[in-house]
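**Student:** Here's my sequence, what's the structure:
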Amino acid sequence: MHIGFYQLKNRILLAPMAGITDQPFRRICATYGAGLTFSEMMSTNPQVWHTEKSKLRLAHHQETGINAVQIAGSDPDEMAQAAQVNVEYGAQIIDINMGCPAKKVNRKMAGSALLQYPQLVRQILETVVKSVEVPVTLKIRTGWDLENRNCVEIAKIAEQSGIQALTIHGRTRACKFEGDAEYEHIRLVKQQVSIPVIANGDITSAQKAKVVLDYTGADGIMIGRGALGRPWLFQSVVGLVEHDSIIQEPSSEEKCRVILQHIRELHHFYGEEKGYRIARKHIAWYLQDIQPDSVFKQDFNAITSASAQLAALERFFSLI
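**Tutor:** Just a heads-up that it's a prediction; the model follows:
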């Protein structure tokens, strides 16, 4: 699969997720086979571009492969400036967010709220594409509500504007993350445009990924929430989709080793105090996969030091 002049190692991608797809998590997903990983969403507000938080979000490691950064906003010129700044910081692909349903994003007329305004969408896309020499991609939903699913119109605008790949989440803005994703509209878009189309939404297994690819005819799959606590999902999806082979999940020993390494990297990346706080949500997701009924989560959340977290995890894993 190509995005612009980049050849991806496969067509299974990690979605950009705010507060989740930091450098440590992207590295793990890439290790398990993700063909492309996206950073957390970056604001187009110039006041935050050079903050410590933004620098952490932009931090990249060569092990994660191509450096893809997502930006969100509603002003075409600010979006273009943000794209340029991120390219200066090392972004190799710029992804534009028109899919986020969060109220705090939509209130600023960003994310999926933009789908209501196709002409503004065109202005943003054309302005950003012209502002940088790297490929620009777009992530959308099927529309802003069930009565206004205009993803085919937006897809055609994207293609005409020079967008190099389009990801579609199979829900509207109004749906948020409720109900089941639908793939009929992704299929319709694929039939109408020639740029790569990437299907997203409720991809939680290798079998589901294959079904969605076969049904939609999409060029690739993007996995988001399905990878929380299960970064090894990429390994099984790549195996089935790309090689028609079934790959068993890692052993409990391997999972425990990877989890410990992830938590160590969070402590190192953010510093101990911030790192141990961020580690809590990841452990909650990991526990859902390895021992969903465990009461260890409550005990872990009460721990207030990095070293104590690691010691508690080692004790817990020794009993599994």
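
**Student:** Can you pull the poorly scored residue ranges out of the stretch 151-300 of the chain?
**Tutor:** Scanning the stretch 151-300 of the chain for pLDDT under 70 picks out nothing.

**Student:** ranges for the helices of it?
**Tutor:** 151-161, 184-192, 206-216, 233-243, 252-270, 272-290, 296-301 (DSSP state H, counting those that start in this stretch).

**Student:** For the second one, give me every contacting residue.
**Tutor:** Yep, that's helix 184-192 we're talking about. Here helix 184-192 makes contact (CB atoms under 8 Å, 6 or more residues apart in numbering) with 142-143, 149, 151-152, 155-156, 166, 168, 170, 197, 199, 212, 215-219. Using the backbone N, CA and C atoms, a C-beta is placed for each residue, glycine as well.

**Student:** in that helix, what counts as buried?
**Tutor:** 185-190 (16 or more other CB atoms under 10 Å).

**Student:** same check, this time on stretch 278-287
**Tutor:** Buried, per 16+ other CB under 10 Å, within stretch 278-287: 278-280, 282-283, 286-287.

**Student:** contacting residues around the longest strand along the chain?
**Tutor:** When the chain is scanned for its longest strand (criterion: DSSP state E), the result is strand 36-43. For strand 36-43, the external contacting residues (CB under 8 Å, 6+ apart) are 3, 8, 13-22, 26, 29-30, 54, 57-58, 60, 64-73, 82, 86, 93, 95, 97, 100.

**Student:** what's the nearest residue to Arg11 if we skip its chain neighbours?
**Tutor:** Gly220 (3.6 Å; CB to CB, 6 or more residues apart in numbering).

**Student:** What of Asn97?
**Tutor:** Going by CB to CB, 6+ apart, Asn97 has Ala72 as its nearest residue, at 4.0 Å.

**Student:** Run through the residues that contact that neighbour.
**Tutor:** Ala72 is in contact with 41-44, 96-97, 100, 105, 110-111, counting by CB under 8 Å, 6+ apart.

**Student:** what phi and what psi does the backbone show at it?
**Tutor:** The phi/psi pair for Ala72 (degrees, to the nearest 10) reads phi -140, psi 140.

**Student:** ok, what's across the strand from it?
**Tutor:** Ser43 (DSSP bridges).
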